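**Student:** Predicted model, plus sequence, below.
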Amino acid sequence: MNKNKPNITEVVLRDGQQSLIATRMTLDDMKPILKSMDNVGFSSLEVWGGATYDCCLRFLNENPWDRLKVFKKSLKKTKLQMLIRGKNLVGYKQFDDSIISLFISNAVKHGIDIFRIFDSLNDINNIQSSIKFVNKAKKNSQGTICYTTSPIHNEDYWIKLAKDIEDCGAKSLAIKDMAGLLRPGVCFELVKRLKKNLNIPIHLHTHSTTGLSDATNYKAYEAGVDNIDTSISSFSNLYAHTATESFMSMIYDDNTCPYDMNLLSKISSYFQSIRPKYEQYEGSMRGVDIDMLINQVPGGMLSILEKQLTDLKKSNKLKMLIDEIPRIRKDIGYVPLVTPSSQIVGAQALMNVLDNKRYKTLNKEFIDLVDGSYGKIPGTVCSKLKRKIDKTKTINNEDTDKLTIQDYKKEFSNFCNSCHLKDYSNSETDLLNYILFKKESMDFYASNDRTTTNEVIGLQEGFGLYIND
């Protein structure tokens, strides 16, 4: 067994709160505990990326870059880590290399040390640019495999993908098990093979939804994994992750633990004290969701779809919806369900069920996904569906992502002038907000006191359904 002190990434500031309270924790509620967290000795703190960027602008009336300024100032001893969706960055569409480079250079400048870079289709072409720019900045480019199960996703598939990621120049590798599907024994064997075949550190990120995470993390530790992601106990389990203190207690007894459990207790108590403020964003899950191992519909994704059906007074169609998602996934080559593919598949399943006919209505994102616009589909697309999509594709396919940075800058400047605002386009980070989330940024900069009446519950990374208006 690995007897070394395990490297632990604490995720409560990003994925922990993102999974449990829909990413609504404010910066003001984070500030008081940051210095205590900095003294624990974590290998890194995951603080940014995923839906945090979106929710800062959309719901919290915060500039996401201000968070990084505070984190960088308060966290002097611990590396800062973020999640980046390859060419999608922190958004839901792909951007060119000039924008990826601008984003990464500013993230580095504001304190990010480790970039966990993933693609929802595990398409290596979609993460190469980010790896290159992170390496250029001399930071840790962490290539990622998005774990899922299917007839084509076996151990050999993962080893080849991991080797391809290492060959691209990634400085470390993450196994991202967003739905808690990675079983303990499978994890042990996978980590052992990865350690034999790779020369870079291996990190594991899994969720508690299916009840497997504690055992999976422990078996990964036994297999020699280099780093484990956990979340402080008061923001752990359910849709989230193994509790930080629990994992430490699996490895050490009271006399040998290198971590200060009293300090961790203080941190947990603090987060416990603020959690009731966000009660309205808590999901409906109250225990283990073992059905996810059967239908592979992530719990948070399901909770949002359930809410959509409730709002439409169609709650009786929930079982049909649950059954439809894996059917669609099979039809389109067993794509992993993680942002943005999870949102796209979920939206199409909802349409199929509401129409009471499969693929009667095809949303644009689904057409683009199947057509390869998001990257290479891992398996084979159903031939009947492919023919229908080929007939449905519009000839006039406008691609606003062909805009240059200067085009965006001019657009943003004109907007600021029309609203009698100072010209925010002169700031690279403000300009990035506009490029990544145009509508949300216009609302954010045009109002000093935004209200959030359009509350979409549960923007969990890798789980939630998010449909653009």
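**Tutor:** Now that the structure is in, tell me what you want to look at.
**Student:** What lies in contact with stretch 218-225?
**Tutor:** 1-2, 6, 184-185, 187-189, 191-192, 195, 202-204, 228, 247, 250-251 (CB atoms under 8 Å, 6 or more residues apart in numbering). For every residue, glycine as well, the C-beta is placed using N, CA and C.
**Student:** go again using 6 Å as the cut-off
**Tutor:** 1-2, 6, 184, 187-188, 191-192, 195, 202, 204, 250 (CB atoms under 6 Å, 6 or more residues apart in numbering).
**Student:** In strands, which of the residues you listed fall?
**Tutor:** Of the contacts of stretch 218-225, the ones assigned to strands by DSSP state E are 202, 204.
**Student:** from the contacts of stretch 218-225, which two are the most distant?
**Tutor:** Largest separation among the contacts of stretch 218-225 by CB to CB: K195 and M250, giving 20.0 Å.
**Student:** per-residue confidence for F271?
**Tutor:** Per-residue pLDDT puts F271 at 98.
**Student:** With I294 as the reference, measure out to it.
**Tutor:** Per CB to CB, to the nearest Å, F271 is found 33 Å from I294.
**Student:** repeat for S427
**Tutor:** 49 Å.
**Student:** So for these two, which residue has more residues nearby?
**Tutor:** Counting neighbours by other CB atoms under 10 Å for S427 and for I294 shows that S427 has the greater number, 15 against 9.
**Student:** so what pLDDT did that one get?
**Tutor:** S427 carries a pLDDT value of 97.
**Student:** dump the residue contacts of A137.
**Tutor:** V108.
**Student:** Among the contacts of stretch 218-225, which lie within helices?
**Tutor:** The helices, defined by DSSP state H, take in 184, 187-188, 191-192, 195, 250 from these.
**Student:** Now do the strands in the stretch 251-400 of the chain.
**Tutor:** Applying DSSP state E, counting those that start in this stretch to the stretch 251-400 of the chain gives no strands.
**Student:** that older thread, buried ones among the ones in helices among the contacts of stretch 218-225?
**Tutor:** Taking 16 or more other CB atoms under 10 Å as the criterion, what is buried in these is 184, 187-188, 191-192.
**Student:** Save these as JSON lines, and put in pLDDT and distance to I435 too.
**Tutor:** Output for those, formatted as JSON lines (pLDDT from 0 to 100; distance: CB to CB, whole Å):
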{"residue": "P184", "pLDDT": "98", "distance to I435": "42"}
{"residue": "C187", "pLDDT": "98", "distance to I435": "38"}
{"residue": "F188", "pLDDT": "98", "distance to I435": "43"}
{"residue": "V191", "pLDDT": "98", "distance to I435": "38"}
{"residue": "K192", "pLDDT": "97", "distance to I435": "42"}
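**Student:** Quickly name whichever of those is closest to A174.
**Tutor:** V191 (12.0 Å).
**Student:** now the closest one, nearest residue through space, not along the chain?
**Tutor:** Leaving aside its chain neighbours, V191 sits nearest to A223 (3.8 Å; criterion: CB to CB, 6 or more residues apart in numbering).
**Student:** Kindly reformat the ones in helices among the contacts of stretch 218-225 as JSON lines containing distance to L337.
**Tutor:** Converted to JSON lines, the ones in helices among the contacts of stretch 218-225 look like this (distance: CB to CB, whole Å):
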{"residue": "P184", "distance to L337": "21"}
{"residue": "C187", "distance to L337": "19"}
{"residue": "F188", "distance to L337": "24"}
{"residue": "V191", "distance to L337": "23"}
{"residue": "K192", "distance to L337": "26"}
{"residue": "K195", "distance to L337": "27"}
{"residue": "M250", "distance to L337": "29"}
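**Student:** Among these, which one lies nearest to K136?
**Tutor:** Using CB to CB, K195 is the member of the ones in helices among the contacts of stretch 218-225 that lies nearest K136, at 27.8 Å.
**Student:** Apart from its chain neighbours, what residue comes closest to L27?
**Tutor:** R67 (5.4 Å).
**Student:** Just read off the phi/psi values of that neighbour.
**Tutor:** Main-chain torsions, R67, degrees, to the nearest 10: phi -60, psi -50.
**Student:** Report the separation between it and I274.
**Tutor:** Distance from R67 to I274, counting by CB to CB: 16 Å.
**Student:** Having no further points to raise, I will conclude here.
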